[in-house]
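Engineer: 3D, please:
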Amino acid sequence: MIRLILVLFLVSSCSYINYGELPQVLRTSVFGVDIKIDQAFYDSQDYSFLKINIGKSVVAVLVLAEVIDDQYTWVSENNEKIITQHGRIIDTYGLTYDVSILDAFNLAPVHQKKDSDLLRQLRSPEALVHQSSSIDNIGLDHSYKHLNESTSSALYIENMHTDILKWKFKNKYWVNLDNGRVLKSEQFIHPHLPLISLEFFYK
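Structural biologist: Numbering: from 1, shown residues only. From the prediction side, this is the model:
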């Protein structure tokens, strides 16, 4: 599907990696098996990173390297890319089924609970679909533990509806209540892709 050890190449206020170090990071990455992120694993990393699961078969650790405004770009050695904004996946390049949210600038952080309409461009096959979303605040989620953080996190559900495809789904976001930063997200981004889970770890 993609050589999924992706490296973000522009980040402010977080520890980042430059391209000269990329091959070494890629060689030490792990594919195909689950990766347990505990305190020891976190402490062993020099840079901010995330863990990505695509369905049950693809698992990888992605290193953070750059941020422009609120958009985080994660890039592989073959130039595949995943771009996130407020924990949402808004663009992909090089996946089997790529997507772009064309008006992502209109999307508010999920904890603001702002209903929105958006245009999602699907590739393979090509389609442009209109989606509407609403956000529900489920409240504190004590079952989710992010390393040893004592900070409470709240769970938000994003209800997505696509008229043309009759494609409805729910995305989940766990948000740090202290700073509004998404700690984890579970998203459907394309009708032909399984659930994608992202878990963020900042240095």
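Engineer: low pLDDT regions in this structure?
Structural biologist: The chain contains residues with pLDDT under 70 at 1-33, 76-80, 148-151.
Engineer: so for it, the centremost residue is which one?
Structural biologist: L198 (4.6 Å; C-alpha atoms, centre = their mean).
Engineer: tell me which residues are up against the strand ranked longest in the chain.
Structural biologist: Assignment by DSSP state E gives strand 127-140 as the longest strand of the chain. Here strand 127-140 makes contact (C-beta atoms under 8 Å, 6 or more residues apart in numbering) with 102, 110-122, 152-165, 167. Every residue, glycine included, has its C-beta placed from N, CA and C.
Engineer: buried subset of these as a PyMOL selection?
Structural biologist: Applying 16 or more other C-beta atoms under 10 Å to the contacts of strand 127-140, the buried members can be selected in PyMOL as follows:
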select buried, resi 110+111+118+120+122+153+154+155+156+158+160+162+167
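Engineer: just the ones in helices from the contacts of strand 127-140, please.
Structural biologist: In helices, defined here by DSSP state H, there are no members of the contacts of strand 127-140.
Engineer: can you give me the helices in this protein?
Structural biologist: Counting by DSSP H, the chain has helices at residues 22-27, 39-44.
Engineer: now the last one: how far from the chain's centre is it?
Structural biologist: Translated: helix 39-44. 21 Å (C-alpha atoms, centre = their mean, to the nearest Å).
Engineer: buried set for that helix?
Structural biologist: Neighbour-count burial for helix 39-44, counted by 16+ other C-beta under 10 Å, picks out no residue.
Engineer: let's number from 43 now, not from 1
Structural biologist: All set: I'll call the first residue 43, so the last point we hit is now helix 81-86.
Engineer: only C-alpha atoms, please: export stretch 96-110 in CSV.
Structural biologist: Output of stretch 96-110 as CSV, limited to C-alpha atoms (Å, rounded to 0.1, in the frame of the first residue of the first chain):
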residue,chain,number,x,y,z
ILE,A,96,-4.1,1.0,8.7
GLY,A,97,-6.5,-1.7,9.5
LYS,A,98,-4.9,-4.7,11.1
SER,A,99,-2.0,-5.3,8.7
VAL,A,100,0.0,-2.0,8.5
VAL,A,101,1.8,-0.6,11.5
ALA,A,102,4.5,2.0,11.6
VAL,A,103,6.1,4.8,13.5
LEU,A,104,6.3,8.2,11.8
VAL,A,105,8.8,10.9,12.8
LEU,A,106,7.9,14.5,12.9
ALA,A,107,9.9,17.0,10.9
GLU,A,108,7.9,20.1,10.0
VAL,A,109,4.6,22.0,10.5
ILE,A,110,3.2,24.9,8.4
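Engineer: show me which positions of it end up buried.
Structural biologist: So, applying 16+ other C-beta under 10 Å, buried residues of stretch 96-110: 96, 101-109.
Engineer: same question, stretch 111-131
Structural biologist: For stretch 111-131, by 16+ other C-beta under 10 Å, it's 113-118, 122-131.
Engineer: what do you get for stretch 173-186?
Structural biologist: Residues of stretch 173-186 classed as buried: 173, 175, 177, 183, 186 (neighbour count, 16+ other C-beta under 10 Å).
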